[in-house]
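[1] what shape does this take:
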Amino acid sequence: DYTELGKYIVEHVKVLILLGQTKNKIKEATNQHIQLLEENIELPLIECDSLEDAVMAAKGYSKNGDIVFFSPASASFDMFKDYEERGQLFKQYLKL
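    This next block holds a predicted model:
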């Protein structure tokens, strides 16, 4: 259940970049909270198919001084062997 995460995202995130098996669940929880607030909230939701695409999107949407928070909200065994591989690839893509 990503309800609480969706609420936190809406309240604290400028751009949400999603990937992996749970991206649709997180997107749905975020959109549900936006609808509950009944306010005009502009939160870009970017869906990516790979970690490399997600890092490139973060680089494109961020500017000097912004904080980019890499927060795996669930397991990513569908994309990586383990958290160490995911972390190593994340660091590698940051250098591109």
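[2] buried sites along stretch 65-78?
    residue 76 (16 or more other CB atoms under 10 Å). Placement of C-beta: from N, CA and C, glycine included.
[3] could you export it as CSV, CA atoms only?
    Taking Å, rounded to 0.1, in the frame of the first residue of the first chain, the C-alpha atoms of stretch 65-78 are listed here in CSV:
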residue,chain,number,x,y,z
GLY,A,65,21.2,23.5,-5.9
ASP,A,66,18.3,21.0,-6.3
ILE,A,67,18.3,17.8,-4.3
VAL,A,68,17.8,14.6,-6.3
PHE,A,69,16.7,11.9,-3.9
PHE,A,70,17.1,8.3,-5.2
SER,A,71,14.6,6.4,-3.1
PRO,A,72,13.8,2.8,-4.1
ALA,A,73,10.4,2.3,-2.5
SER,A,74,10.3,-1.4,-3.1
ALA,A,75,12.5,-4.3,-4.2
SER,A,76,13.9,-4.1,-7.7
PHE,A,77,14.7,-7.8,-8.4
ASP,A,78,12.9,-7.4,-11.7
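[4] off-centre distance for it?
    Distance of stretch 65-78 from the chain centroid (CA atoms, centre = their mean, to the nearest Å) equals 6 Å.
[5] now stretch 31-41
    For stretch 31-41 - counting by CA atoms, centre = their mean - the centre lies 18 Å from the chain centre.
[6] now do it: everything it contacts.
    3, 6-7, 9-10, 43, 45 (CB atoms under 8 Å, 6 or more residues apart in numbering).
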